[in-house]
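**Q** give the three-dimensional model of this entry:
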Amino acid sequence: MHPVLLSGSPILDIDATFLIYLGVFGILFFVLRAMIFKPAMELFDARIEAIDGAKEKAARLEEEAEAKLAAFEGQMAQVRKEAGAERERLRADSQRRERTLLEGVRKETDGMVRDADGKMNKQARVIREEMQASAPELAREIAEKLLGREVKA
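**A** Okay, here's the model as predicted:
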């Protein structure tokens with residue numbers, strides 16, 4: 001075994017130097033705590049508070065953004081609804097105008113067809129009357145050509 005351990009004298013000698021070390025340790029502890037550890041801990045606490053504050057602000061901004069997005073989507077839905085109603089109104093108006101124009105054109109063309117029919121009937125009557133009037137003369141001319149001599153009516 002080791003001779004110091006067998007000697008019977010204590011391993012740790014508590015004397016005045018131990019008390020000096022204890023005093024120096026205490027003074028350093030309070031000095032270092034006041035000058036280094038406390039400001040460092042305050043800095044860490046401030047950093048944690050800043051991070052937490054930033055997280056809270058980010059969460060608040062995200063909630064505001066979601067609320068604004070919901071409001072925007074609501075407004076867009078309203079605008080789409082109004083645009084659809086306006087489109088339907090314009091479509092109905094254009095169909096009404098189309099029907100009105102078609103009716104006007106149809107009436108105009110019907111009138112033109114009636115006028116043309118009336119003119120054709122009048123011209124046909126006039127031509128028939130002329131043919132009726134010239135039929136005996138034509139018959140005489142044909143007969144003269146066929147017979148080769150003059151025919152008297």
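**Q** where does residue 149 fall, phi/psi-wise?
**A** Per-residue torsions, residue 149: phi -140, psi 170 (degrees, to the nearest 10).
**Q** need the residue closest to the centroid of the chain.
**A** The centroid of the chain falls nearest to residue 76 when counting by C-alpha atoms, centre = their mean (8.0 Å).
**Q** list the contacts of that residue.
**A** Going by C-beta atoms under 8 Å, 6 or more residues apart in numbering, residue 76 touches no other residue. Backbone N, C-alpha and C define where each C-beta goes, glycine included.
**Q** and residue 112, how far from residue 96?
**A** 25 Å (C-beta to C-beta, to the nearest Å).
**Q** which of the helices or strands spans the residue nearest to the centre of the chain?
**A** helix 38-147 (DSSP states H and E).
**Q** what is the neighbour count of residue 41?
**A** 11 (other C-beta atoms under 10 Å).
**Q** likewise for the one 10 residues further on?
**A** A total of 10 residues lie near residue 51 under the criterion other C-beta under 10 Å.
**Q** how about residue 151?
**A** By other C-beta under 10 Å, neighbour count at residue 151 equals 13.
**Q** that one and residue 138: what is the separation?
**A** 12 Å.
**Q** quick one: low-confidence parts of the chain?
**A** Where the chain drops to pLDDT under 70, the residues are 1-13, 153.
**Q** could you redo the last one with a cut-off of 90?
**A** Residues of the chain meeting the criterion pLDDT under 90: 1-19, 128-153.
**Q** that's all I had, so thanks and see you.
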